[in-house]
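Chemist: pasting the structure only:
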């Protein structure tokens, strides 16, 4: 019997494992590029206006779930489909002035084969909308992918989303008003302020001057004409900011304008 050297025998034993390691390396490289391409397509969506540039990474019957936790301490769980995800992407394409940040910070593979892979990655996300929301946070995403017709596709993914900062968004406002056309309207506002919400009180003082009504809010001055049009007198020239028929509507319009850098919308209970 011909003798086989120990080195050759060791190599013969190791060859299958070397091949497996090489295959895993190739799969990891493919999926890393897959994730980078998905990241690029998603961030570019407000420019491309084509949701299919993102949806092409997903199986038509893919499902996903989201657990979100915001700075107010509220949590929410959603289970959705690719069709639902498409609706979300469509909303982005129709929103003017939106910018998306999606910075992938880490990636770990939990299962790898030639045609199936699961991995976990973390994201620093940011969403800005002109005159709308401005929010930052962290996501941990678990994604399952399968190779179909030579291409990797997402079959399922889950997201744990933790809101870290909200610098602009919906604000809650309560109004307390004295009787008559003149006098004071006190507003209690709950405003997003970074890592928490801030409560602020604002006093609007109404005074009738001829056919007009002047309104003072701190060091700001506004005028409501007899036609109901409201003007801000805080710029170089009077600026029209809305029309109202009641003192309540006037107060809401002024507050919305005055806090426009913090509030995309004022929710005012009746």
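Modeler: That came through fine. Bear in mind that the values here come from a model prediction, so they are computed numbers and not experimental data.
Chemist: shouldn't residue 173 be in contact with residue 268?
Modeler: Yes - with contact defined as CB atoms under 8 Å, residue 173 counts as touching residue 268 (4.7 Å). C-beta here means a position set from N, CA and C on the backbone, and glycine is covered the same way.
Chemist: Quickly note the distance from the residue lying closest to residue 174 once chain neighbours are set aside to residue 78.
Modeler: Leaving aside its sequence neighbours, residue 174 sits nearest to residue 188 (CB to CB, 6 or more residues apart in numbering; 4.5 Å). Separation of residue 188 from residue 78 (CB to CB, to the nearest Å) stands at 31 Å.
Chemist: OK, contacts around the residue nearest to residue 174?
Modeler: Residue 188 is in contact with 173, 174, 176, 199, 200, 201, counting by CB atoms under 8 Å, 6 or more residues apart in numbering.
Chemist: average pLDDT across stretch 249-262?
Modeler: The pLDDT scores in stretch 249-262 average 93.
Chemist: Tell me the buried residues in it?
Modeler: By neighbour count on 16 or more other CB atoms under 10 Å, the buried set for stretch 249-262 is 249, 250, 251, 252, 253, 254, 255, 256, 257, 258, 259, 262.
Chemist: Of the contacts of residue 188, select the buried ones using a ChimeraX command.
Modeler: This is the ChimeraX syntax for the buried subset of the contacts of residue 188, where burial follows 16+ other CB under 10 Å:
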select :173
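Chemist: Which strands and helices lie in contact with the helix or strand harbouring residue 107?
Modeler: Using DSSP states H and E, residue 107 sits in strand 98-112. Counting contacts by 3 or more CB pairs under 8 Å, 6 or more residues apart in numbering; DSSP states H and E, strand 98-112 is packed against helix 6-43, helix 45-48, strand 116-129.
Chemist: Now the phi/psi pair for residue 235, please.
Modeler: Main-chain dihedrals, residue 235, degrees, to the nearest 10: phi -100, psi -180.
Chemist: What's the local residue count around it?
Modeler: 8 (other CB atoms under 10 Å).
Chemist: For it, give me the pLDDT.
Modeler: At residue 235, pLDDT is 88.
Chemist: do residue 12 as well
Modeler: 44.
Chemist: Residue 270 now?
Modeler: So residue 270 comes in at 78 (pLDDT).
Chemist: For the stretch 101-250 of the chain, give me the ranges with low pLDDT.
Modeler: Scanning the stretch 101-250 of the chain for pLDDT under 70 picks out no residues.
Chemist: Let's see that with 90 instead.
Modeler: 112-114, 129-134, 148-150, 166-170, 177-183, 193-197, 235-236, 245 (pLDDT under 90).
Chemist: those strands in it, which residues are they?
Modeler: Under the criterion DSSP state E, counting those that start in this stretch, the stretch 101-250 of the chain contains strands at 116-129, 134-148, 151-177, 183-193, 196-209, 212-217, 220-224, 229-232, 239-243.
Chemist: For residue 44, which of the ones you listed is the nearest?
Modeler: With CB to CB, the closest approach to residue 44 among the strands of the stretch 101-250 of the chain belongs to strand 116-129: 14.5 Å.
Chemist: just checking, what packs against the closest one?
Modeler: helix 6-43, strand 98-112, strand 134-148.
Chemist: hmm, try it at 6 Å
Modeler: If contacts are counted by 3 or more CB pairs under 6 Å, 6 or more residues apart in numbering; DSSP states H and E, strand 116-129 sits against strand 98-112, strand 134-148.
Chemist: and those strands, which is most packed in?
Modeler: strand 134-148 (a mean of 18; mean count of other CB atoms under 10 Å).
Chemist: so how far is that one off the chain centroid?
Modeler: 14 Å (CA atoms, centre = their mean, to the nearest Å).
Chemist: mind listing what it pairs with, with the direction of each?
Modeler: strand 116-129 (antiparallel), strand 151-177 (antiparallel) (DSSP bridges).
Chemist: Please tell me how far the residue nearest to the spatial centre of the chain sits from residue 118.
Modeler: Centroid check for the chain by CA atoms, centre = their mean gives residue 127 as the closest residue, at 4.3 Å. Applying CB to CB, the value for residue 127 to residue 118 is 27 Å.
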